[in-house]
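Q: What follows is a protein structure lacking sequence information:
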C-alpha cells in the first residue's frame, strides 16, 4: 500500500473551510484514497473516498490531483464538532487482504 | 441502530486473565476486521474475515490473540493471559466485498485496561 504523509496538526476558524492535505506520491493506479476522522473515545468515522475524480458528499469534498500524488479533504464550513483526528488512507485490493494502514493523521482543531 | 456494535465498551481485568470481545457487523457486510489502537497512534490492523474464513491473521500480535467468526456473522476476539501491554482500544470494522472501493465502517471499540 502507498504510504501517506499528513501534517500533524492544523487549526481552522469556525465557519471557515478546513482544507486538510495528504501526500501519497507512491500511489498506484488501482488504489483508492479514503478519509476517516476520529473523535476521542469513538471509532473512526468514514467520510469519503475516491479513485481519480473529485468527490463530494454531505460531509465533505475530496480533491485529488491529476497525477493522484496528493489530495485535499475540504470541510466547507467547519464547526466545533469537526474537531477530530483526520486520517488519509490509500488502499487497493491486494492478495493479502483489505486492511487499512492508518498513520498518525492530522489533528484538526476548530477554533470559535 | 444498524452500525457496527461492539461489546463490552470497557473491560478492566487483572494481568494474566483471559478476555473476550464481541463484534456485530453491519448485517449485509461479509467482511469483518479487527484493529488495535494505542494512545496517540492510528488503528493497527490485526486480522480479517470474509464470511467465516479468516483470510489474514499474520498480524495478530502473538499466539495469545485469536479471533473467530463461526457463522459468518458476529466475531469474537480473545486475548489469553493478558499482559500490561495489551491495554488498548480494540476496534472492529465491517465492509462489503467488492474490490478496493468499499469503505470499512467501524464500531466504537472496546477499551481494555489491564491492572
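A: It's in. The model shown is predicted, which means the values in this text are computed figures rather than measured ones. Residues are numbered from 1 along each chain as shown, chains lettered A, B, ... in the order given.
Q: got the residues of chain B near chain A?
A: Contact residues, chain B versus chain A (CB under 8 Å from any CB of the partner chain): B:4, B:31, B:33, B:40-45, B:48, B:55-56, B:59, B:91, B:93, B:95, B:99-109, B:111. All C-beta atoms are positioned from the backbone trio N, CA, C, and that covers glycine.
Q: Where does residue A:90 fall, secondary structure wise?
A: Assigned by DSSP states H and E, residue A:90 belongs to strand A:84-91.
Q: name the helices or strands packed onto that strand?
A: strand A:18-23, strand A:32-38, strand A:70-75, strand A:106-111 (3 or more CB pairs under 8 Å, 6 or more residues apart in numbering or on different chains; DSSP states H and E).
Q: Would you mind listing the buried residues in the lowest-mean-pLDDT helix or strand in chain B?
A: The least trusted helix or strand in chain B, going by mean pLDDT, DSSP states H and E, turns out to be strand B:53-56, with a mean of 87. If you call a residue buried by 16 or more other CB atoms under 10 Å in any protein chain shown, then strand B:53-56 has these buried ones: B:54, B:56.
Q: which neighbours does the next helix or strand after that strand have in its sheet, and in what orientation?
A: The element immediately downstream of strand B:53-56 (helix or strand, assigned by DSSP H and E) is strand B:65-68. Sheet pairing here is set by DSSP bridges, and for strand B:65-68 it gives strand B:75-79 (antiparallel).
Q: Now do whichever helix or strand comes after the strand it pairs with and strand A:32-38, the angle between them.
A: Heading C-terminal from strand B:75-79, the first helix or strand you meet, by DSSP H and E, is strand B:88-95. Angle, strand B:88-95 to strand A:32-38, by axes from the mean of the first three to the mean of the last three CA atoms, to 10 degrees: 140 degrees.
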